[in-house]
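Student: Attaching a predicted model along with its sequence, questions to come.
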Amino acid sequence: MDVVNFLFLDSFSEFFNPKKRIFIGYLFTAIVIASLWLVFIRKKNFYESLKKIFDKTILFSKSAKSDYLLFFFNQIIMSVLSPLLITQLAIATAIFYYLHSVSWLEPGVLKNTPLVLITILFTIFHFVIEDFSKYIVHRFMHKWPLLWAVHKVHHSATCLTPMTVFRTHPLEGVIFSLRGAITQAISISFFVFFFGSNVDIATILGANIFIFFFNVAGSNLRHSHIDISYWKWLERIIISPAQHQVHHSVLTRHHDKNFGVALAIWDWMFGSLHHSEKIDKLTLGIDLNQKEETHKLYNLYIDPLKEIFSIILKKIIKFLSLLKSLKFKSIGADQ
């Protein structure tokens, strides 16, 4: 019972941690931004705006209830798996020693750089490499069948809420944990090697200053039904909430678009950018004929494993069949 209480309190603490996306401060600013958008842009009155923001049919839909359950159970699963994963310290140490083995690189060559400049450079570098790595991993998750089998859990959401960001399979959680460990290790090891130990990250309330402003500016609205769009020129730089909602659309023209998290420049550079559209209501999910079972916990956890097993089994059968055909060709050639 104590363990259950601990895990429940640990999950609940995410709402009070400024480093987390669902920090109550960020949720509050998202509500304020959504209200202002609906009142001044959509020309709704204040009551209508609040009614739309707190739409019961969305917040208590089967899809949303699955989000809430996955958030809690994934916290338990990841608390077990996290200690088993390779840490950023181990990766950073390996990279740091590798840099020392490169003869033409000089450690501490930039150690006399002013501390303020080091902090600014490190903060920018870390934010950019983090965001770019998220774009790359996210894109691979849509392109590789094995990864799509896992990522499909996130896209099975037919309604978007701020908790949909946690609608992921534990295997995806492991992949993104490793991604985070690698990018942080790269940032730390490179800067310590070149700039010495005077490396620090500019933060507000303990969060990277850029991530802080990203969250304050309504990052939670990306997983919501409030379709806030930006000017087209800005949507080439920063992903708007409406752009990410397009990413969740079942429409064919929206497939494999807007993989970016904070920055849209990666999508712009690599041809996956899609501007927001004025559509009354986007149909969200995997496809138009999505079954209700996709919101059940059993299916969300087990179906990806079944699909992965099926893909691997087909590959093995295909490989064995190829070996068999090559063997018969070889025998025929000998005769």
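Tutor: All right, it came through fine.
Student: pLDDT weak spots in the stretch 201-335 of the chain?
Tutor: 327-335 (pLDDT under 70).
Student: can you give me the helices in the stretch 1-150 of the chain?
Tutor: 2-12, 24-36, 46-53, 56-59, 62-81, 88-101, 115-143, 145-155 (DSSP state H, counting those that start in this stretch).
Student: neighbours around residue 255, how many?
Tutor: 11 (other Cβ atoms under 10 Å). Where you see a C-beta, it was placed from the backbone N, CA and C, and this is true even at glycine.
Student: contacting residues around it?
Tutor: Contacts of residue 255 were listed using Cβ atoms under 8 Å, 6 or more residues apart in numbering, and none were found.
Student: what about the closest residue to residue 59 other than its chain neighbours, distance to residue 125?
Tutor: Setting aside the residues directly before and after it, residue 59 is nearest to residue 161 in space (Cβ to Cβ, 6 or more residues apart in numbering), at 6.2 Å. Residue 161 sits 33 Å away from residue 125, going by Cβ to Cβ, to the nearest Å.
Student: Between those two, which has more neighbouring residues?
Tutor: Set residue 161 next to residue 125 and count neighbours by other Cβ under 10 Å: residue 161 wins out with 23 against 15.
Student: That one and residue 65 touch, don't they?
Tutor: No: checked against Cβ atoms under 8 Å, the pair residue 161 and residue 65 is beyond contact range at 10.0 Å.
Student: What separation do you get for residue 41 and residue 252?
Tutor: 29 Å.
Student: if you count what's nearby, which of these two comes out ahead?
Tutor: Taking neighbours as other Cβ under 10 Å, residue 41 and residue 252 compare with residue 41 leading, 10 against 6.
Student: List the contacts of residue 234.
Tutor: residue 240.
Student: on that earlier part again, same list (the helices of the stretch 1-150 of the chain) but as TSV, adding distance to residue 325 and mean pLDDT.
Tutor: Conversion of these to TSV gives the following (distance: least, Cβ to Cβ, whole Å; pLDDT from 0 to 100):
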stretch	distance to residue 325	mean pLDDT
helix 2-12	53	61
helix 24-36	58	97
helix 46-53	61	96
helix 56-59	54	96
helix 62-81	41	93
helix 88-101	43	88
helix 115-143	29	96
helix 145-155	24	97
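Student: Make CSV out of these and add distance to residue 170.
Tutor: Formatted as CSV, these follow (distance: least, Cβ to Cβ, whole Å):
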stretch, distance to residue 170
helix 2-12, 15
helix 24-36, 24
helix 46-53, 31
helix 56-59, 25
helix 62-81, 5
helix 88-101, 20
helix 115-143, 14
helix 145-155, 9
